[in-house]
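> Mind looking at a prediction? Sequence and model below.
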Amino acid sequence: MPTDLHTEEAIMSFLHEIPDPEIPVIDIVELGVIREVKAEGDTVEVIITPTYSGCPAMKQMEDDIRKTLKEHGYTQIKISTVYNPPWTTDWITPEAKEKLRAYGIVPPEHSTIDKGWLTGKTKALACPRCNSKNTELVSQFGSTSCKALYKCKDCLEPFDYFKCI
């Protein structure tokens, strides 16, 4: 393997090739689950943090990391999972938030400080399809546990909101 590919920057660029298994419009780096990459000798260590404990997509992400790095010539791959500090929607990149919106998922509008969905105090979100704020919460859980299900009262379309975690 060429030595210029054995850098943390190169490894991160390869990890950008891996889509989130549940939201394929963003990659796992943009999602913020990749915490750190270390390259020492022939060993590459990728440190990840799950979006929440028990996230069913983490095993797929680990498999995809191994597969992608092997395709780029890496053979000694270590994946370490850390839970502290816990993942937060603050780690989703601004570019990924716009991709989510274009895909039809309202990204978290605030930081983790805004957890109104936990108390039932929700505000009107702009529908990602028609931009109307005439929306309502249907369920605290949408297509995945990290999203809430909303409905637009104008265009009548359902949509997910990526909850602040």
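Everything's here; your move.

> got the domain boundaries for this protein?
For the chain, automatic domain parsing gives the domain ranges 3-81, 90-162.

> got TSV for the ones you listed, with mean pLDDT and mean neighbour count too?
For every residue, glycine as well, the C-beta is placed using N, CA and C. TSV is the format used below for the domains of the chain (pLDDT from 0 to 100; neighbours: other Cβ atoms under 10 Å):
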stretch	mean pLDDT	mean neighbour count
domain 3-81	92	16
domain 90-162	84	16
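
> Now do the phi/psi pair for the residue most central in space within the chain.
Geometric centre of the chain, nearest residue: residue 31, 2.9 Å, by Cα atoms, centre = their mean. The phi and psi torsions at residue 31 (degrees, to the nearest 10) take the values phi -70, psi -30.

> list the contacts for the closest residue in space to it that isn't next to it in sequence?
Excluding the flanking residues, the one nearest residue 31 by Cβ to Cβ, 6 or more residues apart in numbering is residue 20, at 5.2 Å. With contacts defined as Cβ atoms under 8 Å, 6 or more residues apart in numbering, the neighbours of residue 20 are 26-28, 31, 57, 61.

> got the contact list for residue 29?
12, 15-16, 18, 93.

> I'd like the distance from the helix or strand encompassing it to the chain centre, please.
Assigned by DSSP states H and E, residue 29 belongs to helix 28-31. Distance, stretch centre to chain centre, for helix 28-31: 5 Å (Cα atoms, centre = their mean, to the nearest Å).
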